[in-house]
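Visitor: Fold the following, please.
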Amino acid sequence: MITDLRQLLNISGKVSSRLQFGVRIEQGLSSHTIDRVKDVLGIPDLQLSAALGISAKTMSRLRQGKRRLPLPVGDRLYRLAHIFALAQDVLEDPARAREWIQTPQIGLNNRIPFEVMVTEAGAREVEDVLTRIEYGVLA
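Guide: Take a look at the predicted model:
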């Protein structure tokens, strides 16, 4: 999953742990990462900007040039990418993972994972549901 996540976040070089991802996020992910994650997740700008906690206009400004993302934005983008990579591993198919994160799930009280994972607590809950699915526990 580390390799997929590194590709998804457009990070080159050696990154083999969450700690190293943290360092890269602190340094500032490339602004091009926004488009990469948006395309892979197959979501519109408005949905991604809401998940990142920024306006669509701010997201548009961040995309311009060779900017580095502010820490909170990079951290939220990592959270989305990490959970998508986990869903892709568990469900063994990017299309199924995209569909799963956009569909209400019983294990989340019929809430949509993408909407739940905008907070750290919600993201951990989505991870727990995916882990239960992976190990065959009713989710």
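Visitor: For the rest of this, base every contact and every neighbour count on C-alpha atoms.
Guide: Will do.
Visitor: what's the neighbour count on residue 127?
Guide: Residue 127 has 19 neighbours, counted by other CA atoms under 10 Å.
Visitor: which SSE is it in?
Guide: Assigned by DSSP states H and E, residue 127 belongs to helix 120-134.
Visitor: and that helix, how far out from the chain's middle?
Guide: Mean-position distance between helix 120-134 and its chain equals 13 Å (CA atoms, centre = their mean, to the nearest Å).
Visitor: pLDDT on it, on average?
Guide: In this model, helix 120-134 has an average pLDDT of 95.
Visitor: Please apply the same query to stretch 63-73.
Guide: Per-region confidence: stretch 63-73 scores 89 on mean pLDDT.
Visitor: Over to stretch 46-59?
Guide: Stretch 46-59 comes out at a mean pLDDT of 94.
Visitor: chain center to it: distance?
Guide: The answer for stretch 46-59 is 14 Å, by CA atoms, centre = their mean.
Visitor: What of stretch 24-40?
Guide: With CA atoms, centre = their mean, you get 10 Å for stretch 24-40.
Visitor: Quick one: end-to-end distance for that stretch.
Guide: The first and last residues of stretch 24-40 sit 20 Å apart, counting by CA to CA, to the nearest Å.
Visitor: Stretch 20-37 now?
Guide: 19 Å.
Visitor: Name the residues of it that come out as buried.
Guide: 21-22, 24-26, 28-34, 36-37 (16 or more other CA atoms under 10 Å).
Visitor: Can you pull up the most central residue in the chain?
Guide: Centrality entry for the chain: nearest residue to the mean C-alpha point is residue 80, 1.4 Å, by CA atoms, centre = their mean.
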